[in-house]
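1. Predicted model and sequence follow; I will ask about them next.
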Amino acid sequence: MPQHTPVHARRVNLLHGEDFHCVMLASLGFSSRLIQTRTGLSSGQIGYRLRMGSIKRQDYRNGNSQLAARILNQSHRIAVGEVRSQIKKVLSSP
């Protein structure tokens with residue numbers, strides 16, 4: 001697992017840079033492993049930022065967040081087509 005070692009200590013700013021990217025990815029329900037890969041932050045740093053921003057991935061995964069509701073509404077038609085296509089492929093293969 002990649003470890004992020006900052007050159008110098010800095011304040012966390014959830015509205016900019018890797019801090020914002022971290023909370024945005026977590027708000028979309030992505031795992032700490034993916035967030036670590038994309039931002040270079042350690043799992044402890046990720047957890048700290050999520051606590052600071054009151055971000056709970058579970059809210060997205062359970063459909064309880066505004067973001068989850070918006071994504072469900074906007075992607076429903078596309079998702080239905082993709083799922084039907086995949087099921088037809090699976091059912092038609094020997």
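-> Arrived safely.

2. Please report the distance of residue 93 from residue 79.
-> Distance, residue 93 to residue 79, using CB to CB, to the nearest Å: 22 Å. (Each C-beta comes from the backbone N, C-alpha and C, glycine too.)

3. more crowded one of the two?
-> Shown here are residue 93 and residue 79; by other CB atoms under 10 Å, residue 79 has more neighbours (12 against 6).

4. Distance check, the more buried one against residue 58.
-> Taken as CB to CB, the span from residue 79 to residue 58 is 21 Å.

5. swap in residue 38?
-> Counting by CB to CB, the gap from residue 38 to residue 58 is 20 Å.

6. Comparing these two, which shows the higher neighbour count?
-> residue 38 (14 against 10).

7. for the more buried one, what are its contacts?
-> 21, 25 (CB atoms under 8 Å, 6 or more residues apart in numbering).

8. Out of the helices and strands in the protein, which is least certain?
-> Ranking every helix and strand in the chain by mean pLDDT, DSSP states H and E puts helix 57-61 at the bottom, with a mean of 87.

9. what does it rub up against?
-> 26-30, 50, 64-65, 67-68.

10. how about the residues you listed in a markdown table, adding secondary structure?
-> A markdown table is the format used below for the contacts of helix 57-61 (DSSP: H, G, I helix; E, B strand; the rest coil):
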| residue | secondary structure |
| --- | --- |
| 26 | helix |
| 27 | helix |
| 28 | coil |
| 29 | coil |
| 30 | coil |
| 50 | helix |
| 64 | coil |
| 65 | coil |
| 67 | helix |
| 68 | helix |
